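> Show me how the following folds:
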Amino acid sequence: MSSELLVDLSEDPAPAQLGQLKLATLEDQQFPADESTLSKSETDISQRFDASSPHLPWDHPFYDIARHQIIEVAGDDNFGRKVIVFNACRMPPQHQLDHHRLLMYLKGTLDQYVESDYTLIYFHHGLTSENKPSLSWLRDAYREFDRKYKKNIKALYIVHPTMFIKTLLILFKPIISFKFGRKINYVSYLSELDDVVKCEQLIIPVRVKEYDNKLRASLKSPSQLPLSPPRSPPLPNQVFGVSLELLRKMSTDGEPVPVVMRDTISFLTEQGLEIEGIFRRSANVTLVKDVQLRYNSGAAVNFQEMEDVHLAAVILKTFLRELPEPLLTYQLYNDIVNFTSVPTESQVTVMKTLVESLPEENYASLRYLIKFLAQVSANSDVNKMTNSNLAVVFGPNLLWGRDNGMSLSAIGPINNFTKSLLDQQHLVFT
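Got it, this is the predicted structure:
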């Protein structure tokens, strides 16, 4: 459904242009004949979308699209939902990009996440008359994105909207469902995204940052600027955002597995193994923040009293995502991203060598987590969470690059490594 918003989103039009737009509803537009719609072969390519291919080599079916980095995955937002980013400024001129294939690539990307709650962030700046898609692309997008894609998108954030895009949404109101309309949010400045997702985990294009600075500088008074809330200094009992090494030193029992992981996994082992879609749903953001505050203040947290399986699942993912260094560490990043090139017969040995090179607290925490996820997967007939599904959920929370972002060229190999780890955990963790 997000594609409905990417049709003609250039700079604000003149009043005369707006008047003409009001006379041309979607039904009035003269679309090309059916031959211009997506062919069966293109649909087949979408069905064969393989995000696990390492770095999307030149012979990958979607290399020509992926190399522009228009679409990226940025881990989870503050509510535990997967974040998909669409960068309009990275779209090349129309004659250099096959928009039908872009649609298939977007669809193939979303196919990996639509069974879970997800968030879409659209950076509008940089879409001009030279690189904007056509109205026929809008028609194809509207046909291709069915209820499967619209159901679990929880929010669409349009960053740096112009008056033109707002006008278009008004004009398209008849074809946008009421439910989806309520999910659309306008974001005027990057700092406003802090309530949704940590901006440092997004790979925001330089052009977008420069435009944001220009907008802020154009305001008459500093008091008009929306400011991000000041970061609080670490609390004496801080748990979230603290290294595993420090958490172990602060622990009264010297346990290498952090208390948050022990609490959540213990509760989920008792109450969550047969919950369908476990780890795919988001949780109430107020409750998430409240639980984080309780942990950071040194208070005990009893998930049995809250009786919310999805809350515990989100807290576990949030804890992993907020570690200052990923559980699998930056040191192993290149080895893991290139793991798909390891011969099948050597993969267990390589995985075992890699994880055993981790610091003790990282190894113990990873082993604790993977053993639990193996229990979740063992109940996949009920909870629908296979090793593949769990890898998609946990891969981006176990490893990310030093720049905090996650391009599609890296997320596939990371998820592939996570799945292999789950498949062979009984051999890797002896």
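> Dump the helix or strand harbouring F267 to CSV, restricted to CA.
Following DSSP states H and E, one finds F267 within helix 259-271. Once non-C-alpha atoms are left out, helix 259-271 reads as follows in CSV (Å, rounded to 0.1, in the frame of the first residue of the first chain):
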residue,chain,number,x,y,z
VAL,A,259,18.8,-10.7,34.0
VAL,A,260,16.6,-9.3,31.3
MET,A,261,17.3,-12.3,29.1
ARG,A,262,16.8,-14.7,31.9
ASP,A,263,13.5,-13.2,33.0
THR,A,264,12.0,-12.9,29.5
ILE,A,265,13.2,-16.3,28.3
SER,A,266,12.1,-18.1,31.5
PHE,A,267,8.6,-16.6,31.2
LEU,A,268,8.4,-17.2,27.5
THR,A,269,9.5,-20.8,27.9
GLU,A,270,6.6,-21.4,30.4
GLN,A,271,3.9,-19.3,28.6
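> Work out the gap between it and the centre of the chain.
Taking C-alpha atoms, centre = their mean, to the nearest Å, one finds helix 259-271 lying 24 Å from the centre of the chain it belongs to.
> For stretch 212-220, buried residues please.
Neighbour counts using 16 or more other C-beta atoms under 10 Å place 212, 216 of stretch 212-220 among the buried residues. Heads up, the C-betas are built off the backbone N, CA and C, glycines and all.
> Oops, could you answer that again for stretch 376-390 instead?
376-377, 383, 385, 387-390.
> how long is that stretch from one end to the other?
9 Å (C-alpha to C-alpha, to the nearest Å).
> what mean pLDDT does it have?
Here stretch 376-390 scores 94 as its mean pLDDT.
> same question, stretch 218-225
What stretch 218-225 shows for mean pLDDT is 58.
> swap in stretch 193-204?
81.
> Could you break the protein into its assigned domains?
2-224, 244-428 (automatic domain parsing).
> Going by mean pLDDT, which of those domains comes out lowest?
Across the domains of the chain, the lowest-scoring stretch is domain 2-224, with a mean of 72.
> middle-most residue in the chain, spatially?
Nearest residue to the geometric centre of the chain (C-alpha atoms, centre = their mean): V83, 2.4 Å.
> and the nearest residue to that one once chain neighbours are set aside, what element?
Among residues not flanking V83 along the chain, A74 sits closest, at 4.3 Å (C-beta to C-beta, 6 or more residues apart in numbering). Element membership of A74 [criterion: DSSP H and E] is strand 71-76.
> ok so, going back, mind listing what the residue nearest to V83 touches?
Residues near A74 by C-beta atoms under 8 Å, 6 or more residues apart in numbering: 83-85, 121, 197, 201-203, 405-406.
> Please tell me how far it sits from K154.
15 Å (C-beta to C-beta, to the nearest Å).
> residue boundaries of the strands in the protein?
71-76, 82-87, 118-123, 153-159, 184-187 (DSSP state E).
> need the longest helix for the protein.
Taking DSSP state H as the criterion, the chain has its longest helix at helix 360-378.
> who touches it?
244-245, 247-248, 256-258, 261-262, 265, 268-269, 272-273, 278-279, 320, 327-329, 355-356, 358, 383, 385-387, 390, 394, 398, 421-422, 425-426, 428-429.
> if we can go back for a sec, can you add distance to H68 and give the buried residues of stretch 376-390 back as TSV?
Output for the buried residues of stretch 376-390, formatted as TSV (distance: C-beta to C-beta, whole Å):
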residue	distance to H68
V376	36
S377	35
N383	37
M385	33
N387	31
S388	27
N389	28
L390	30
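> No more questions from me, cheers.
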